[in-house]
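Visitor: Generate a structure from the sequence data that follows.
(chains A and B)
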2 protein chains.
Amino acid sequence: MNRDLYLGIDIGGTAMKYALTDGRGAALFEGEVPTLPADPIASLQGLRSAIAPLTDGDELPRLAAVGLACAGIVNPESGHLGRSPNLPGWENSPLGQHLRSVFGDLPCTLANDVNGALYGEFRHGAGKECESLIMLALGTGVGGGVIIENNLLLGAHCGAGEVGHMQLDAAGPSCTCGGRGCLEAYAGSVGILRDARACTGEGVAKLVAEQGAALTTADLARLAERGDEDAREIFGAVGRRLGQAIGNLVNVLDPDKVIIGGGVAKAGDLILEPCREVVPHLVLAAEAKTVPIVPAELGNLAAAMGVASLAQEKETSG
Amino acid sequence: MNRDLYLGIDIGGTAMKYALTDGRGAALFEGEVPTLPADPIASLQGLRSAIAPLTDGDELPRLAAVGLACAGIVNPESGHLGRSPNLPGWENSPLGQHLRSVFGDLPCTLANDVNGALYGEFRHGAGKECESLIMLALGTGVGGGVIIENNLLLGAHCGAGEVGHMQLDAAGPSCTCGGRGCLEAYAGSVGILRDARACTGEGVAKLVAEQGAALTTADLARLAERGDEDAREIFGAVGRRLGQAIGNLVNVLDPDKVIIGGGVAKAGDLILEPCREVVPHLVLAAEAKTVPIVPAELGNLAAAMGVASLAQEKETSG
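Guide: The predicted structure is shown next:
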């Protein structure tokens, strides 16, 4: 019996989540350790120490491969981490080399964090039995990933999947990228909270005043779920913009399924129902109009599980 | 020496263009015969008769495979032609079956017309030595195609590549698809001529009055090339909208190159220069900002040459 373990690591701005999976991709152990903002090697050493009791010993399963997911422009071939705004102390560094310096000669795999999450959903979650997928991850910003014919799409410069910066209205609200009217400016939490603060509806204004700087999209979703029409309309507008972006993506890629993940997506049908209403009006090919638009299933362990699977497949294939 | 010939056919609303290519893809013979709007089989028989003097005889090269390109939703696997607005008498028909009924047991290949043109450019034109490409074909409407890792992207329902219906402004001008603010509504000739007719500039208004219903984008381009600022600005606006669409596509796909074809693209730098100015501001990944945006090279024989290559590769591979 194969008792090998595969380690998947998901580097966040404050914590590194990890999963140790078996040969079938099941997460046998999971946990998290702090991300040291200025020291990738020490961060990874901390993680290695944390899992040592599970992997380092003659009687224990062998750690067979390591996958690492990280926000930013990740080049899986060179191991280079480029632009990565949430990890200023890590960006423009040889992340693959750091990983090997800590994990020795184990096969190592890198992926962008949303690509990792998408691969997790593809192998173990909402995208099982699909060959082509689009994922949109709605968080502070909006990330994305694409799978075509069972492979993650990286692009010529590892720049593919940046669906958050699809410009939906050249005269739209400012985006963190310096542009205007990007999907992220509507459907990232920064944009949603901006709209909430600008809302004059009584219930929303009261919530904004109560929560102040601590206001979250979850607060707003609770208000909407209690029936507040203004809060519902804020999410409705998000859903319609998401639908515009998805319609555009489906016209270009015609995937088997579209998966919506990220913290903002916890608002669920508040966003997904208006989104699903818009998409068929925008998609040209008749059979593609009804593309399933579904929530992610694996939650915040998706990226760790995804890169563990990528690492396992790379190790198994040679 | 391999003396086999490969036939590529490009079905248009009024004429079927064809190319007979040799084993290296060079078009040895080309020509066109009428498209019979209500009779696909008789149309193809007409074409077969036209090329008989080149292929039917013991001393002549052998016709080894046939490729056919057609506007609309083409399923290369089933041979079905779905929605095809410019060929109402052909749409929803078993086009692959028609092709085999005329060309007997020869290996036959089908493709959407823009995919055919893209494949032609990929093998023999502006996309040689690339692995990933996006093509936008600016004609009456706006079509598109995508190549990823040397393969045409078809999508789950053969609906991929419909870049013309990317919605760039939900409050934009009406599009033939029933939507608003699609790329086609700005960059197809219908949209460009609409803008010309609405233009109050002296030179453009004079041209519109002179040409009446016969006005073409070529007329407008000539005026712009003579320095008319209003005509230049009409193409400038087209270029910026094209740039918005290309920026969005590059953020999703990060291709090696973007190819612009179609009759409207003959306006050349009137459109391409403003387009190239916009794109770097919209693309996130640093190295993808400078993606080459180039004119197509093969002109209106691209689709016939492309499907001839597809047919040859299918025949050679099995």
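
Visitor: Can you show me the helices along the stretch 201-318 of chain A?
Guide: Listed in chain order, the helices found in the stretch 201-318 of chain A under DSSP state H, counting those that start in this stretch are A:202-211, A:217-225, A:229-253, A:269-282, A:302-317.

Visitor: possible to save those as JSON lines with mean pLDDT, mean neighbour count and distance to chain B?
Guide: Any C-beta I mention is one placed from the backbone N, CA and C, and that applies to glycine too. Listed next are the helices of the stretch 201-318 of chain A as JSON lines, based on pLDDT from 0 to 100; neighbours: other Cβ atoms under 10 Å in any protein chain shown; distance: least, Cβ to the nearest Cβ, whole Å:
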{"stretch": "helix A:202-211", "mean pLDDT": "98", "mean neighbour count": "15", "distance to chain B": "23"}
{"stretch": "helix A:217-225", "mean pLDDT": "97", "mean neighbour count": "20", "distance to chain B": "22"}
{"stretch": "helix A:229-253", "mean pLDDT": "98", "mean neighbour count": "24", "distance to chain B": "4"}
{"stretch": "helix A:269-282", "mean pLDDT": "97", "mean neighbour count": "20", "distance to chain B": "6"}
{"stretch": "helix A:302-317", "mean pLDDT": "94", "mean neighbour count": "25", "distance to chain B": "17"}
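
Visitor: now the ones you listed as a markdown table including distance to residue A:191?
Guide: As requested, the helices of the stretch 201-318 of chain A are arranged in a markdown table below (distance: least, Cβ to Cβ, whole Å):
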| stretch | distance to residue A:191 |
| --- | --- |
| helix A:202-211 | 15 |
| helix A:217-225 | 10 |
| helix A:229-253 | 8 |
| helix A:269-282 | 13 |
| helix A:302-317 | 23 |
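
Visitor: These: which one's closest to residue B:70?
Guide: Distances from residue B:70 to each of these were compared using Cβ to Cβ; the shortest belongs to helix A:229-253, at 19.1 Å.

Visitor: quick one: the closest one to helix A:269-282, angle?
Guide: Computed by axes from the mean of the first three to the mean of the last three Cα atoms, to 10 degrees, the angle separating helix A:229-253 from helix A:269-282 equals 40 degrees.

Visitor: Residue A:17 belongs to a helix, doesn't it?
Guide: No. Following the definition DSSP: H, G, I helix; E, B strand; the rest coil, residue A:17 is strand and is not counted among the residues of a helix.

Visitor: In this structure it contacts residue A:299, no?
Guide: No. In terms of Cβ atoms under 8 Å, residue A:17 does not count as a neighbour of residue A:299; the distance is 10.4 Å.

Visitor: Of those two, which one has the most company?
Guide: Taking residue A:17 and residue A:299 together and counting by other Cβ atoms under 10 Å in any protein chain shown, residue A:17 has the greater number of neighbours (22 against 12).

Visitor: residues touching the more buried one, list them.
Guide: Contact analysis of residue A:17 by Cβ atoms under 8 Å, 6 or more residues apart in numbering or on different chains lists A:9, A:10, A:30, A:31, A:32, A:300, A:301, A:303, A:304.

Visitor: Nearest to residue B:84, out of the helices of the stretch 201-318 of chain A?
Guide: Minimum separation from residue B:84 across those (Cβ to Cβ) falls at helix A:229-253, 16.8 Å.

Visitor: to the chain's geometric centre, what's the distance from that closest one?
Guide: For helix A:229-253, the separation from the chain centroid amounts to 18 Å (computed by Cα atoms, centre = their mean, to the nearest Å).
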